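Chemist: Here is a sequence together with a model predicted from it:
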Amino acid sequence: MIFSESNQSISKALVDAWGAIETPKHNTNVTVKLKTGGSYEFSYTDLEGIFDALKTVYKENRIAVLQTPKTFIQDGSLMVSVETMLLHDSGEWIKSEPLSVTASNNMQDLGGQITYMKRYSLSAISGISTEKDDDANGVSGNQVEYKGRQEKRSDAQVKRLFAIANSKDISAADVKKALMKDYNKTNAEDLTKQEYDELCNRLELAEKGHKHAE
């Protein structure tokens, strides 16, 4: 851990926050098929679940979370690292030592590595437990099957989606057509978080008066 030179305010805020944080519920189930045969299951809390547990408490104690990924060369190998900082509104901060691994050449896998390190780094610096077992089995050659939570979008999120569309003169009917065409969904609340963010972004970038959410 690395602290800012002055740390009295953030230390008090972190003590108060830690006393209020509840251990997040596990929301992702994993089945691991071992190379040697057999399998076992375990569960853990994904990054979104960790933020769900921390955001309100940190906000009340005037703490923001900053996580910075970066790549660098070490001994001829491309590495990726994540540093987590907790920033108090006094200007004081605490940050973790960078957590690093050898970077994957596959962009999707690289994104997974960054998410994995963000989750571990944030849970560690916040002093919370998010799992019952190690979910890094893929690096050992084991076959890993993830069964994430099927969380529906909230009423507020759905209203926001259609409000964005309305601001661009895109009708609700056209939004629903996009839901079916692009995501095979009939209701906006059934969108995954990634699908929801993607569609909102498309709507925000659409030209006003455009008739389709393309």
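Modeler: Perfect, I can see it now. Numbers count the residues shown, from 1 in each chain.

Chemist: switch to C-alpha atoms for all contacts and neighbour counts from now on
Modeler: Will do.

Chemist: Can you name the next helix or strand after the one helix or strand in the chain whose mean pLDDT sits lowest?
Modeler: Ranked by mean pLDDT, DSSP states H and E, the helix or strand of the chain with the weakest confidence is strand 143-148, at a mean of 53. The first helix or strand that comes after strand 143-148 along the chain, using DSSP states H and E, is helix 155-167.

Chemist: Would you mind extracting the C-alpha trace of the following helix or strand past that following helix into CSV?
Modeler: Using DSSP H and E, the helix or strand that follows helix 155-167 towards the C-terminus is helix 172-183. As requested, the backbone C-alpha atoms of helix 172-183 are provided in CSV (Å, rounded to 0.1, in the frame of the first residue of the first chain):
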residue,chain,number,x,y,z
ALA,A,172,-40.0,3.4,-29.1
ALA,A,173,-41.1,1.1,-31.9
ASP,A,174,-37.7,1.5,-33.7
VAL,A,175,-35.9,0.9,-30.4
LYS,A,176,-37.9,-2.4,-30.0
LYS,A,177,-37.0,-3.3,-33.6
ALA,A,178,-33.3,-2.9,-32.7
LEU,A,179,-33.8,-5.0,-29.6
MET,A,180,-35.1,-7.9,-31.6
LYS,A,181,-32.8,-7.5,-34.7
ASP,A,182,-29.5,-7.0,-32.8
TYR,A,183,-30.0,-8.7,-29.5
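
Chemist: Which strands border the one helix or strand residue 30 maps to, and is each parallel or antiparallel?
Modeler: Per DSSP H and E: residue 30 is located in strand 28-33. Sheet pairing for strand 28-33, assigned by DSSP bridges, gives strand 39-44 (antiparallel), strand 143-148 (antiparallel).

Chemist: care to break the protein down by domain?
Modeler: Domain assignment of the chain by automatic domain parsing yields the ranges 2-148, 155-205.

Chemist: And the strands in this protein?
Modeler: 2-3, 28-33, 39-44, 63-74, 77-88, 93-95, 99-102, 143-148 (DSSP state E).

Chemist: which residues touch the first one?
Modeler: Spelled out, it's strand 2-3. Residues outside strand 2-3 that contact it (C-alpha atoms under 8 Å, 6 or more residues apart in numbering) are 92, 93, 94, 95, 96, 97.

Chemist: what's the burial count for the last one?
Modeler: It refers to residue 97. By other C-alpha atoms under 10 Å, the residues close to residue 97 number 14.

Chemist: didn't it look like it was pressed against residue 67?
Modeler: No - taking contacts as C-alpha atoms under 8 Å, residue 97 lies outside contact range of residue 67: 11.7 Å.
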